[in-house]
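Participant: This is a predicted model, with the sequence first.
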Amino acid sequence: MKKLFAVVLLCGAEITFFATCARSQQMVSSTPVVRSGPTADADNHSAPLSLPPLPKGKTTILGGEIRNFDPVRDQFSLRLYGQRPMKIWFDERTQVYRNGEKISVRELGPEDHASVETTLDGDNVFAVSIHILSASPEGECEGRVVRYNPDNAELVVASQMSPAPVTFLVPANASIARAGEREFTTGPSGLSDLVAGSLVSVTFAAGPARRNVAKGIKVLAVPGAAFEFSGNISFLDMHTGTMVLVDPRDEKSYQIHFDSGRLPTSKTLRPQASVTVTATYDGTGYAASAITAN
């Protein structure tokens, strides 16, 4: 059984493209910025208009979906999660990248995942650069459930590799299943397993506005579930009643607490000893209920 107590967060660097603005900006309808195009010079030869330099104001990165794309007026709407769509202008000065490769601004169109660096150009919000990912990046997060809110389908997971809990949107089509020993996996599984303290592994994709959308959730332990570990003791502290057991079946280390007063066999434990431990997961850790020397 793959019983995971340690937590790992693998989030591709590209997910950082989907950073959202801290607050929405007020848009004022106005004329588009200057566009390039042919004009006649003094000798009636066709010559392009020169574009003004880029605005020098402070830039802000917005993440969302490009919609209502209008190549004639050089504008589109950016849908931001939890906010009203924002009208954004662009022109030949805008730098556009798809999967890291620079493309022509005229190849731009409706996109599901875009990170737009913006600045104010008069009363308009102008796109300085646009980064597009053709496929939604994926990642995996293993950790302990902090809470699940069925009203907005949000799951919050604490990860030792993340400075703050990670929030996931759990859509109706996300798969939820128990993983591990048969005694554990044969029990009923579903949203009811997403209680505080449960250990989970979440496979997710980046959604609009940096929303982490869960695709699948493996439930590794729920409070009150019993597990059996077998392996060698790599760390032992008789004073605090703590051992770390390395289980060769999954090559994972598990910290297990024991009460030597209730388990007399624990007094004979030694580092590197091979033992089998039956333990109950209480929502914060594993507590031994039986220890047997192998």
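Facilitator: Arrived safely, thanks for sending. Computed from a prediction, not measured in an experiment: that's the story for all the values here.

Participant: And the pLDDT for the residue most central in space within the chain?
Facilitator: Of all residues in the chain, the one closest to the mean position by CA atoms, centre = their mean is N212, 4.4 Å from it. On the pLDDT scale, N212 is placed at 83.

Participant: can you tell me how far it sits from V170?
Facilitator: Using CB to CB, to the nearest Å, N212 is found at 10 Å from V170. Bear in mind the C-beta positions are built from the backbone N, C-alpha and C, glycine included.

Participant: quick revisit: looking at it, the residue nearest to the centre of the chain is touching T203, isn't it?
Facilitator: No - if you go by CB atoms under 8 Å, N212 and T203 don't touch, sitting 10.5 Å apart.

Participant: Now list whatever residues contact both of these two.
Facilitator: Both N212 and T203 are contacted by G139, under the criterion CB atoms under 8 Å, 6 or more residues apart in numbering.

Participant: mind listing the strands for the stretch 1-150 of the chain?
Facilitator: Assigned by DSSP state E, counting those that start in this stretch, the stretch 1-150 of the chain shows strands spanning 9-11, 38-40, 46-48, 60-70, 75-79, 86-89, 95-98, 101-103, 111-121, 124-132, 138-149.

Participant: what residues go with each domain of the protein?
Facilitator: When the chain is parsed with automatic domain parsing, its domains come out as 14-30+56-132, 136-221, 226-293.

Participant: could those be laid out in TSV, adding distance to S50?
Facilitator: Listed next are the domains of the chain as TSV, based on distance: least, CB to CB, whole Å:
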stretch	distance to S50
domain 14-30+56-132	11
domain 136-221	36
domain 226-293	63
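
Participant: D70 contacts F76, correct?
Facilitator: Yes - the criterion here is CB under 8 Å, and D70 meets it with F76 at 6.5 Å.

Participant: Can you check the pLDDT for R79?
Facilitator: What the model reports as pLDDT for R79 is 83.

Participant: again with T242
Facilitator: 94.

Participant: what's the neighbour count on the closest residue to it other than its chain neighbours?
Facilitator: Nearest residue to T242, sequence neighbours excluded (CB to CB, 6 or more residues apart in numbering): H257, at 5.7 Å. Here the count is done by other CB atoms under 10 Å, and H257 has 16 residues near it.

Participant: does E183 count as helix, strand or coil?
Facilitator: The assignment at E183 comes out as helix when based on DSSP: H, G, I helix; E, B strand; the rest coil.

Participant: In contact with the closest residue to it other than its chain neighbours, which residues?
Facilitator: Using CB to CB, 6+ apart and skipping residues adjacent in sequence, the residue nearest E183 is A226, 7.4 Å away. Residues in contact with A226 (CB under 8 Å, 6+ apart) are E183, T278, A279, T280, Y281, S289.

Participant: From P85, how far off is A226?
Facilitator: 51 Å.

Participant: swap in G261?
Facilitator: 64 Å.

Participant: For the two, indicate the residue with more neighbours.
Facilitator: P85 (16 against 9).

Participant: The more buried one and S77 touch, don't they?
Facilitator: Yes - in this structure, P85 is within contact of S77 by CB under 8 Å, at 4.2 Å.

Participant: Quick check: neighbours shared by those two?
Facilitator: With CB under 8 Å, 6+ apart as the test, P85 and S77 both reach R67, N68.

Participant: Relative to the whole chain's centre, how far out is stretch 281-294?
Facilitator: Put simply, stretch 281-294 sits 31 Å off its chain's centre (CA atoms, centre = their mean, to the nearest Å).

Participant: can you tell me the average pLDDT over that stretch?
Facilitator: Here the average pLDDT along stretch 281-294 is 92.

Participant: how close does the closest residue to A273 other than its chain neighbours sit to P71?
Facilitator: In this structure, A273 finds its nearest non-sequential neighbour in I233, 5.2 Å apart by CB to CB, 6+ apart. Per CB to CB, I233 is found 67 Å from P71.

Participant: And those two? Which one has more around it.
Facilitator: Between I233 and P71, I233 has the larger neighbour count (other CB under 10 Å), namely 18 against 12.

Participant: residues touching that one, list them.
Facilitator: M243, V244, L245, L269, R270, P271, Q272, A273, V275.

Participant: what residue ranges in the stretch 151-294 of the chain score low on pLDDT?
Facilitator: The stretch 151-294 of the chain contains residues with pLDDT under 70 at 160-163, 208-210.
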